[in-house]
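K.L.:
fold the following, please.
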Amino acid sequence: MSKVLVVDDQRNMRTTLALMLRGASYEVDEASDGVQGVEMGSKGAYDVVLTDLRMGSQDGIGVLRAVKEAQMNTEVIVMTAYGTIESAVEAMRLGAFDYIQKPFTEEELLVKVQRAIEKRQLSGHVQLLTTEFKERYKFENIVGRSQAIRDVLGRIVKVAPTDATVLIQGESGTGKELVAKAIHANSRRIDHPYVPVNCAAISETLLESELFGHARGSFTGAISARKGLFEEADGGTFFFDEITETPLSFQAKLLRAIQENEIRRVGENKPIGINVRIIAATNLDLLQAVAEKRFRQDLYYRLNVARFVLPPLRERREDIGILFGHFLDKYNKKMHVRAKVADGVIEALMNYDFPGNVRELENMVEQAVALSGGGMISVDDVLPTSGTPTQRQASGRTLADVVDGAERQAIEAALRESDGSRERAAEVLGISPTTLWRKMTRLGISYPASGLS
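P.N.:
Have a look, this model is predicted:
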């Protein structure tokens, strides 16, 4: 989940922006003025900082300067009012990714933030190194007391110190990247980069260039040579999320890179040696993908050295209460409240199947804490329907269920019309391929969509 910091001294505006971004599945922190924005933006690991230009003693330009000085890889978007375009241009000159002029629509905001996220993801910069990485991704962040989680932790302890290639399988929301980060944070490579790539978020035409780099003039627009993400990750760990989304042609080149420990930039014949540890993750059955000729068998065997299979939350229900408490503490601290849990909440959640797994539970808790105002969290705050969770699933009559059903039908129809091409389906739906992928992941639609012809 990408992380955004909103800096605005107008509370209503700041809260509205945060709600918009959370609704688009971003993790959001809020700073109440420029001074707090400088402090949080300089120390926090944010993908994007969205800051108002005119504030009190510390304006948006000051926030921009401080953030770019301390966290040069963070993208900054400034919000401007009428008559401040010159200041916005100055902000762009100082390194802002973009500006947005008030008043603006939710769609305009989300488009600009998404573009900033994509630039951040494709820029080749590394993520959360050394001390901060260790603090955020040590074992204590993998929460649970079930035997399944104890087995996962025990396996991390054994695998992390080695350089073995790792394959992590599990449904969406089970914590695959959290396990990958824990492996890196407890490995001998911790002082080197951890570079994650969401294969579903990069188009096929960009994938090879972004990962392997390219020579000057190797294709239209390649005005200079560029290092790829593999070179950026040298000495560290490279995490492929949704590895099954890569085309077969790229899989052959990836296999060679892993076997030979070398790459070739697009347009060059000279090999470049690399030293990276590969961790790959997928929410699909790789053996089935191999059988369906959608994934190379030799690459599967090369990746399947140390294998983790993460259990869905419905198969470790004894962890639900512990996870709820963990997330309640997290969001109480973040929102500076002391929300508590009413009787019957955990029992109700224990009867719910959590199709979105741990990610869904965390979103439930965050929303419940926000809506409770620091008071008591009831069953209706986490499962806002009448009847039991099982009845709720059977009826399918909540607003969320109706919306999800409509989105599912539209996406599957677009995929059928586009012969399974996610990029063409996104054009049909009028959304970006990244947004489509995010919706498919949330709704559990496989790629190609299961049951489509």
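K.L.:
list the buried ones in stretch 76-95?
P.N.:
Within stretch 76-95, the residues scored as buried using 16 or more other CB atoms under 10 Å are 76, 77, 78, 79, 80, 84, 87, 88, 90, 91. (Each C-beta comes from the backbone N, C-alpha and C, glycine too.)
K.L.:
same question for stretch 156-166.
P.N.:
156, 159, 160, 165, 166.
K.L.:
can I get those residues in CSV with distance to residue 424?
P.N.:
As requested, the buried residues of stretch 156-166 are arranged in CSV below (distance: CB to CB, whole Å):
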residue, distance to residue 424
156, 40
159, 39
160, 41
165, 33
166, 33
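K.L.:
farthest-separated two in the buried residues of stretch 76-95?
P.N.:
Spatial extent of the buried residues of stretch 76-95 (CB to CB) is set by the pair 76 and 84 at 15.7 Å.
K.L.:
and residue 145, what helix or strand is that in?
P.N.:
Using DSSP states H and E, residue 145 maps to neither a helix nor a strand.
K.L.:
tell me how far it lies from residue 290.
P.N.:
According to CB to CB, to the nearest Å, residue 145 and residue 290 sit 35 Å apart.
K.L.:
of the two, who's got more company?
P.N.:
Using other CB atoms under 10 Å as the criterion, residue 145 and residue 290 rank with residue 290 on top: 17 against 11.
K.L.:
which residues in the stretch 251-400 of the chain form helices?
P.N.:
For the stretch 251-400 of the chain, the helices defined by DSSP state H, counting those that start in this stretch cover 286-291, 297-303, 320-335, 345-350, 357-372, 379-382, 389-395, 399-417.
K.L.:
from the buried residues of stretch 76-95, which has minimum pLDDT?
P.N.:
Minimum pLDDT for the buried residues of stretch 76-95 is recorded at residue 84 (62).
K.L.:
for the stretch 101-250 of the chain, give me the ranges with low pLDDT.
P.N.:
Scanning the stretch 101-250 of the chain for pLDDT under 70 picks out the ranges 121-141, 204-205, 216-225.
K.L.:
spell out the residue ranges of the helices in it.
P.N.:
Along the stretch 101-250 of the chain, the stretches classed as helices by DSSP H, counting those that start in this stretch are 106-122, 130-137, 147-159, 176-185, 204-212, 229-232, 248-260.
K.L.:
rebuild these as CSV, extending it with distance to residue 335.
P.N.:
Shown next, in CSV, are the helices of the stretch 101-250 of the chain (distance: least, CB to CB, whole Å):
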stretch, distance to residue 335
helix 106-122, 21
helix 130-137, 19
helix 147-159, 27
helix 176-185, 22
helix 204-212, 37
helix 229-232, 35
helix 248-260, 42
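K.L.:
where are the low-confidence patches of the stretch 351-453 of the chain?
P.N.:
Residue ranges of the stretch 351-453 of the chain with pLDDT under 70: 384-404, 434, 447-453.
K.L.:
picking that back up, Throw the buried residues of stretch 76-95 into JSON lines and include secondary structure and distance to residue 150, thanks.
P.N.:
Formatted as JSON lines, the buried residues of stretch 76-95 follow (DSSP: H, G, I helix; E, B strand; the rest coil; distance: CB to CB, whole Å):
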{"residue": "76", "secondary structure": "strand", "distance to residue 150": "42"}
{"residue": "77", "secondary structure": "strand", "distance to residue 150": "43"}
{"residue": "78", "secondary structure": "strand", "distance to residue 150": "48"}
{"residue": "79", "secondary structure": "strand", "distance to residue 150": "47"}
{"residue": "80", "secondary structure": "strand", "distance to residue 150": "52"}
{"residue": "84", "secondary structure": "coil", "distance to residue 150": "56"}
{"residue": "87", "secondary structure": "helix", "distance to residue 150": "55"}
{"residue": "88", "secondary structure": "helix", "distance to residue 150": "53"}
{"residue": "90", "secondary structure": "helix", "distance to residue 150": "55"}
{"residue": "91", "secondary structure": "helix", "distance to residue 150": "50"}
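K.L.:
residue 406: which of those residues is nearest?
P.N.:
Nearest to residue 406 among the buried residues of stretch 76-95 is residue 77, at 30.9 Å by CB to CB.
K.L.:
so what's that closest one bridging to?
P.N.:
Beta-bridge pairing of residue 77 under DSSP bridges involves residue 50, residue 98.
K.L.:
just checking, it touches residue 95?
P.N.:
No. Between residue 77 and residue 95 there is no contact under CB atoms under 8 Å: 11.5 Å.
K.L.:
circling back: pick the most deeply packed of the helices of the stretch 101-250 of the chain.
P.N.:
Burial of the helices of the stretch 101-250 of the chain is given as mean neighbour count (mean count of other CB atoms under 10 Å); helix 176-185 ranks first at a mean of 23.
K.L.:
leaving out chain neighbours, which residue sits closest to residue 31?
P.N.:
Leaving aside its chain neighbours, residue 31 sits nearest to residue 37 (3.9 Å; criterion: CB to CB, 6 or more residues apart in numbering).
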